[in-house]
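> Let me see the structure of the following:
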Amino acid sequence: MSWDSRFAEPIVLPDGIKLASLRESIAHLVKTIPAAERRTPVVLTAAELPTNAAEHGGPIEFARIATLQALNRHAERVFNPQRKTPPSGRRKLKRDTA
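Got it, this is the predicted structure:
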């Protein structure tokens, strides 16, 4: 493998930048992550997995996932109760319709 290996599906950032290869993803992480946060576990993993994929033939999809997690490290997931619909009642069995 090499640093030019491409992801199966590129990472598209909100500002329109596309990260399609291992080289682009690691370069973007270096540019955007502040020095104070580079020792956090999420960022260290995001640096290790692309390196492992490029130099030792590791899984590229894991590198992509780690990059996404590092980029979204401050995003808070919020539960939206409106999205879940309640069940519409008991299921009707075939025997009950006769």
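> longest helix anywhere in this structure?
Selection of the longest helix in the chain by residue count, based on DSSP state H, yields helix 41-56.
> so what does it touch, helix or strand wise?
helix 22-32, helix 60-71 (3 or more CB pairs under 8 Å, 6 or more residues apart in numbering; DSSP states H and E). For every residue, glycine as well, the C-beta is placed using N, CA and C.
> out of those, nearest to A54?
Among these, helix 22-32 comes nearest to A54, with 4.9 Å by CB to CB.
> Using PDB, list the CA coordinates for that closest one.
Output of helix 22-32 as PDB, limited to C-alpha atoms (Å, rounded to 0.1, in the frame of the first residue of the first chain):
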ATOM      1  CA  LEU A  22      -4.600   8.600   3.100                       C
ATOM      2  CA  ARG A  23      -2.200  11.400   2.300                       C
ATOM      3  CA  GLU A  24      -5.000  14.100   2.100                       C
ATOM      4  CA  SER A  25      -6.600  12.900   5.400                       C
ATOM      5  CA  ILE A  26      -3.400  13.000   7.400                       C
ATOM      6  CA  ALA A  27      -2.400  16.400   5.900                       C
ATOM      7  CA  HIS A  28      -5.800  17.800   6.700                       C
ATOM      8  CA  LEU A  29      -5.600  16.600  10.300                       C
ATOM      9  CA  VAL A  30      -2.100  18.100  10.800                       C
ATOM     10  CA  LYS A  31      -3.400  21.500   9.500                       C
ATOM     11  CA  THR A  32      -6.700  21.600  11.400                       C
END
